[in-house]
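Colleague: My questions concern the predicted model and sequence given below.
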Amino acid sequence: MRWHETQHGTAFKTPWMNEWVYQIACFMIVRNPHSWRSSHASHHTDTYIVGRDPEIAIMRPPEMAKLVASFFGLLDAWNGWGRMLLNATGRLHPEEATYIPESEKPKVVRVAHIWVVL
């Protein structure tokens, strides 16, 4: 959970190292770092409240196929690139629009532009 601990600033003593590793870890799992910061803040506010917590990965009862695909990162990569391409057009996914503040939208779009070019 490199991206989780570095986003919280708990992995390293220095803020710049947490940020550097956070950016790389987000790239590795295809998560826009600015979208995820907003998503995770919403998660901490509304933990496990269906419809308000954007980080509920597996609903109950669990769907085994989705659970296995999530274990291998298949859903994260597929959904991540889909959202990244959408963000590169200057738009947010409807779910993202519920938790990303308007002030953060330009950062989300800028990261998407850079990642799509890479």
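Modeller: Thanks, I have it.
Colleague: Going by C-alpha atoms from here, please, whenever you check contacts or count neighbours.
Modeller: Will do.
Colleague: In three-state terms, how would the residue nearest in space to the middle of the chain be classified?
Modeller: Residue closest to the average C-alpha location in the chain (Cα atoms, centre = their mean): W36, at 3.3 Å. Secondary structure, DSSP: H, G, I helix; E, B strand; the rest coil: W36 is helix.
Colleague: in the protein, what secondary structure element scores lowest on mean pLDDT?
Modeller: For the chain, counting by mean pLDDT, DSSP states H and E, helix 33-45 ranks last in confidence among helices and strands (a mean of 78).
Colleague: Which of the helices or strands spans K107?
Modeller: helix 105-117 (DSSP states H and E).
Colleague: and that helix with helix 33-45, angle?
Modeller: Helix 105-117 and helix 33-45 meet at an angle of 130 degrees, taking axes from the mean of the first three to the mean of the last three Cα atoms, to 10 degrees as the criterion.
Colleague: which other helices and strands contact helix 105-117?
Modeller: The contact analysis (3 or more Cα pairs under 8 Å, 6 or more residues apart in numbering; DSSP states H and E) places helix 105-117 against helix 33-45, helix 74-88.
Colleague: which one of those helices lies closest to W16?
Modeller: Closest of the helices and strands packed on helix 105-117 to W16 is helix 33-45, at 14.7 Å (criterion: Cα to Cα).
Colleague: Pull out the buried residues from the closest one.
Modeller: Across helix 33-45, burial judged by 16 or more other Cα atoms under 10 Å covers 33-40, 42-43.
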